[in-house]
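Engineer: Build me a model:
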Amino acid sequence: MNFAGFIKNSFVDYPNNIASVVFTFGCNFNCWYCHNRKIIEGNQIEIVSEKEVIDFLSKRKGMIDGVVVSGGEPTMNPNIEEFITKIKEMGFKVKLDTNGTNPELLEKLINKKLLDFVAMDIKTSLNKYETITKCKVDLNKIKQSINILKNSGVDYEYRTTFSPDISVGDIEDICKNYIFGAKSYAIQKYNPPNESIITIPHSKDDFNNALLVAKKYVNNAFLRSCD
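Structural biologist: A predicted model of the protein is given here:
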């Protein structure tokens, strides 16, 4: 398979690990604030071959702990299980970034012990999902993925990008009704995707209030990149 991007060394994408990051093509969401829109649309992208990634990793054993498989939405790719299997056989840890729309594959990968860490984006309150993602969403699949991770025994985090159209009330709804008692929940900084989109980001007080609310339901709730 080919990739839409490759970061050879990252200290921030896999908690407590040095990792390489690969980005898969395509996504079944169209979130207006997405910072990876070029990857999703496949425009102006330098294609990276699987061989290039494997060759690099084979020379970095002992220096890199793991590989982050991100996107786009990786579970859309029919070859993703085969690729992850190769990475695991090389001795690397694997972290998957996903939007939770493919619980069947998520569960399969977990049961085959192919994943060491999963980061699942929860976009907003479930009743506002289609407003954020700009597409039809099977909310039952989102709920299934949330529950699969909760009961998996695999390290994971849920995360929400705190964009201007998401409220503190949405954060509370997510934490209270869907991820209560979860291992970890990150409230992430929103970055405007380009200068043509004019929005007013949440204030530092808004972020702090969102965190206080989240911590009522998830002990290890925290802010990411919000300094």
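Engineer: Can you get me a residue count around residue 97?
Structural biologist: Using other C-beta atoms under 10 Å, residue 97 is surrounded by 23 other residues. The way it works is simple: take the backbone N, C-alpha and C, and place the C-beta from them, glycine included.
Engineer: Which residues does it form beta bridges with?
Structural biologist: Beta-bridge pairing of residue 97 under DSSP bridges involves residue 119.
Engineer: which residues in the chain form strands?
Structural biologist: Ranges of strands in the chain, per DSSP state E, are 2-3, 5-10, 19-23, 48-49, 66-70, 93-98, 117-121, 155-161, 185-188, 221-224.
Engineer: partners of the last one, with directions?
Structural biologist: Here the strand partners of strand 221-224, with direction, are listed using DSSP bridges: strand 185-188 (parallel).
Engineer: Name the stretch among the strands of the chain that sits most buried.
Structural biologist: Ranked by mean neighbour count, the strands of the chain are led by strand 66-70 with a mean of 25 (mean count of other C-beta atoms under 10 Å).
Engineer: what does it rub up against?
Structural biologist: By C-beta atoms under 8 Å, 6 or more residues apart in numbering, the residues outside strand 66-70 that reach it are 10, 13-14, 17-24, 57, 80, 83-84, 87, 92-97, 116-117.
Engineer: Kindly recompute the last result at 6 Å.
Structural biologist: Strand 66-70 has contacts (C-beta atoms under 6 Å, 6 or more residues apart in numbering) with 13-14, 17, 19-23, 87, 92-97.
Engineer: how long is stretch 60-73 from one end to the other?
Structural biologist: Start and end residues of stretch 60-73 are separated by 26 Å (C-alpha to C-alpha, to the nearest Å).
Engineer: Looking at that stretch now, give me its mean pLDDT.
Structural biologist: Per-residue pLDDT over stretch 60-73 has a mean of 95.
Engineer: try stretch 159-171
Structural biologist: Averaged across stretch 159-171, pLDDT comes to 94.
Engineer: Same check on stretch 22-35?
Structural biologist: Averaged over stretch 22-35, pLDDT sits at 89.
Engineer: And stretch 185-198, by the same measure?
Structural biologist: For stretch 185-198, the mean per-residue pLDDT is 76.
Engineer: cool, stretch 82-95 as well?
Structural biologist: Mean pLDDT, stretch 82-95: 98.
Engineer: which of the residues in that stretch are buried?
Structural biologist: For stretch 82-95, the neighbour count (16 or more other C-beta atoms under 10 Å) marks 83, 84, 87, 88, 92, 93, 94, 95 as buried.
Engineer: Can you lay out these as a markdown table showing distance to residue 220?
Structural biologist: Listed next are those as a markdown table, based on distance: C-beta to C-beta, whole Å:
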| residue | distance to residue 220 |
| --- | --- |
| 83 | 30 |
| 84 | 26 |
| 87 | 27 |
| 88 | 26 |
| 92 | 25 |
| 93 | 20 |
| 94 | 22 |
| 95 | 17 |
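Engineer: Of these, which pair is most distant in space?
Structural biologist: The largest separation in those, counting by C-beta to C-beta, is between 83 and 93 at 14.4 Å.
Engineer: No more questions from me, cheers.
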